[in-house]
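>>> just coords:
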């Protein structure tokens, strides 16, 4: 009894601390976005201070994504499942949110962002989770691309395919392997010591798998090539 | 950006709207205010607590409220929303966005009575906010006429409006079907509700639709099938809390209180801050004699109810019973006094219910002298006022009065129940059983027979007048019948039917329409979800001057 009470109190404490940290990070990244946005018209994006600020925003975003993913996973570990919430959502509104989340970061890095989506397409998924995964993939692509990123949402047979493509040099082999391993299902997990993108991929896989329909579940894979010839992150949802 | 994203033709003017931002963290308030300003918003108020929010909501009608769920001490966001809705601080067009640090169990738990228009998870950014605001707004446009008909309890019109929207609003199709199913349940049309749920499930597995099918089974008495289906829903999504509450009801209907208790306990662990759930848990525990757990549930219920408009005296009464069982009648009396102070104003039955509980407490703790005294005082209270409380309270009171040795008052109560429910065989058996237990079996049977006859005579005379075209007299007759049997649903339905016929023959009359509305609202309160209620409401609405054609007329039901 004492033990459960103690762990309940600890959980409560951790939850409120996490709540606090998220508040701080959202204020931090919100302020950075505003500063960058305000500076953009007057400042040359080659200005070293502007570039540093853009880099700060990128890092803050990473911190934010990682924290969110950790918390979601922690919650899953702590109490078996996440409050999973599937709704019918227009694909275009998913694209809209991902684009808006990335706007300032993409502009500050001078990256052209293109979206292809069927405006009539409606799909069923957990909106918060999928927006999180796709926008994290876009943030990642910022790191790998030369100057272009393309987001594609389309129905392929019975699944929704979401592609984030870039025109960089492509994913390194180790990461492609990690991606394949993550999806093979036999690997018990990812070696977090050797690759930094591990958490994001792991999280994306978990999220994809939660989406099930008629005996099929979602999947994530990494490829090189695509229309822009760089790295491709591909999420499919049944 | 070169994208199809700028397709939105119907842009909404977010600049001119009134906004309220509620968060206990100043940094977040400022951030949200900045985000809203970037949408062009000019009128943005802020509140740092639930209390501040309520004060502002009372003064200003906001178009958009962004409210954090977690507001520190005092009211939480859900309680602020409930209070704002109950006290009519919101416009039908107001959009309420509930904000939380992480995905909350509440956002997926289903049938919560007061749902916000959307849940947002922090961090909130302009783009996400704008998309969700637009979506909530468009949804409101689709649902406003339906919600309006629903609020007027014209469920059949609301259902027709759902049908009309299906083709035009593909993105809302699932939700429209959900609404339609609910409307059909309320209209006593479970078959049509089932069709709507099946249509959803044909596209995709949604727990609420599966749960809806299970609920129809439960209402239909197919308890084992309902149990299996609810268990299936929970296995699929252990956060779909509504299924737990329903499953507990199935177990209660099966008479399996242990199982009901176990499932409610699990539900309260997942989502502890629901007043009704804690109350149900307390009541089931009391039935099982699990005093410790009942006490815990009732105390929790009182604690979370402190800031909630949904609090009721039940937890106080239940906790008083617990004190009685723990042989502490003094503490019980303190609680009963507190309940009367707290709820006396809104609950006219409060003195009566407190006195019943007092009697039960003394009776259960073996203090028969004080129990009898409470019984006598109860009798005096009953004689002083003609209104009677709801059926379960009447039965509880009669049982107690017999037990403590009072005789006339419980007989009168049971006859009252029989007269007002003369066609409810199950209930009449219960009444008979109470007579039997008081060793008044034969006398009771005769009294029940007489009560039944009195009610059906009143009904049949009304039908006769109606059939012979004496509509004015029929209306007057049913009015007096209602005075004698204020809670007899058959009489009430016929009274409304006669009023409708009168208006159809001799023209619409505002006073009569208001009377019919009042009568029907009362039946719906006594027993929601009856087919005849939905039909009469539709006929009544159709009579109002402006509206379209009237459905086919049906005669009032006669007694056979």
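Structure received. Note that the coordinates shown come from a computational prediction; the quantities given were computed from them, not determined experimentally.
>>> now the stretch 451-560 of chain B against chain A: closest residue?
residue B:529 (27.2 Å; CB to the nearest CB). Backbone N, C-alpha and C define where each C-beta goes, glycine included.
>>> how about the secondary structure of that residue?
Following DSSP: H, G, I helix; E, B strand; the rest coil, the label given to residue B:529 is coil.
>>> ditto for the one 4 residues further on
Secondary structure assignment for residue B:533 (three-state DSSP): helix.
>>> close enough to count as contact, it and residue B:526?
No. Contact criterion CB atoms under 8 Å: residue B:533 and residue B:526 do not qualify, at 10.0 Å.
>>> of those two, which one has the most company?
Neighbour count, other CB atoms under 10 Å in any protein chain shown: between residue B:533 and residue B:526, residue B:533 has more, with 24 against 17.
>>> ok, and the closest non-adjacent residue to the more buried one?
Nearest residue to residue B:533 in three dimensions, chain neighbours excluded: residue B:524, at 5.2 Å (CB to CB, 6 or more residues apart in numbering or on different chains).
>>> list the buried residues in the helix or strand harbouring that neighbour.
Taking DSSP states H and E as the criterion, residue B:524 maps to helix B:510-526. Across helix B:510-526, burial judged by 16 or more other CB atoms under 10 Å in any protein chain shown covers B:512, B:513, B:515, B:516, B:517, B:519, B:520, B:522, B:523, B:524, B:526.
>>> give me the domain ranges for chain A.
According to automatic domain parsing, chain A comprises the domains A:2-78, A:87-237.
>>> of all these, which lies closest to residue B:369?
Residue B:369 lies closest, by CB to CB, to one member of these: domain A:2-78, at 42.7 Å.
>>> what's the average pLDDT for stretch B:148-162?
Mean pLDDT, stretch B:148-162: 91.
>>> show the end-to-end separation of that stretch, please.
12 Å (CA to CA, to the nearest Å).
>>> what sits against residue 91?
Using chain A here. With contact taken as CB atoms under 8 Å, 6 or more residues apart in numbering or on different chains, residue A:91 is in contact with A:117, A:118, A:121, A:122, A:123, A:153, A:160.
>>> wrong chain, I was asking about chain B
Neighbouring residues of residue B:91 by CB under 8 Å, 6+ apart: B:61, B:63.
>>> tell me the SS of it?
Going by three-state DSSP, the secondary structure assigned to residue B:91 is coil.
>>> now it: how far from residue B:84?
Here the criterion is CB to CB, to the nearest Å. By it, residue B:91 lies 11 Å from residue B:84.
>>> and if you look at residue B:222?
39 Å.
>>> check residue B:512 too.
From residue B:512 to residue B:84 the distance is 35 Å (CB to CB).
>>> quick one, what contacts the residue of the stretch 451-560 of chain B closest to chain A?
With CB under 8 Å, 6+ apart, residue B:529 has these contacts: B:185, B:186, B:187, B:188.
>>> could you verify that residue A:71 is part of a helix?
Yes. Residue A:71 forms part of a helix when assessed by three-state DSSP.
>>> is it correct that it is in contact with residue B:103?
No. Using CB under 8 Å, residue A:71 makes no contact with residue B:103, being 9.8 Å away.
>>> just for chain A, where's the confidence low?
In the prediction, chain A carries residues with pLDDT under 70 at positions A:1-12, A:14-16, A:19, A:40-46, A:72-82, A:181-198.
>>> picking up where we left off before, who's in contact with the helix holding residue B:524?
So helix B:510-526 is contacted by B:153, B:475, B:482, B:487, B:489, B:492-493, B:495-496, B:499-500, B:502-503, B:530, B:533, B:536-537, B:540, B:543-544 (CB under 8 Å, 6+ apart).
>>> now, which of the residues you listed lie within helices?
Counted as lying in helices by DSSP state H, out of the contacts of helix B:510-526, are B:475, B:482, B:489, B:492-493, B:495-496, B:499-500, B:502-503, B:533, B:536-537, B:540, B:543.
>>> ok, residue B:222 and residue B:84, which is more surrounded?
residue B:84 (23 against 15).
>>> quick one: that one from chain A, how far?
24 Å (CB to the nearest CB, to the nearest Å).
>>> any idea how far that residue is from residue B:463?
46 Å.
>>> turn the buried residues of helix B:510-526 into TSV, including distance to residue A:104 and pLDDT.
Below are these laid out as TSV (distance: CB to CB, whole Å; pLDDT from 0 to 100):
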residue	distance to residue A:104	pLDDT
B:512	64	94
B:513	59	94
B:515	63	95
B:516	60	95
B:517	56	94
B:519	61	95
B:520	57	95
B:522	59	93
B:523	59	93
B:524	54	91
B:526	59	89
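>>> in stretch B:365-376, what counts as buried?
In stretch B:365-376, counting by 16+ other CB under 10 Å, buried: B:365, B:367, B:370, B:371, B:372, B:374, B:375.
>>> what helix or strand does the third one sit in?
In this case it means residue B:370. Here residue B:370 is assigned to helix B:368-384, by DSSP H and E.
>>> residues from the stretch 351-500 of chain B in reach of chain A?
By CB under 8 Å from any CB of the partner chain, no part of the stretch 351-500 of chain B sits against chain A.
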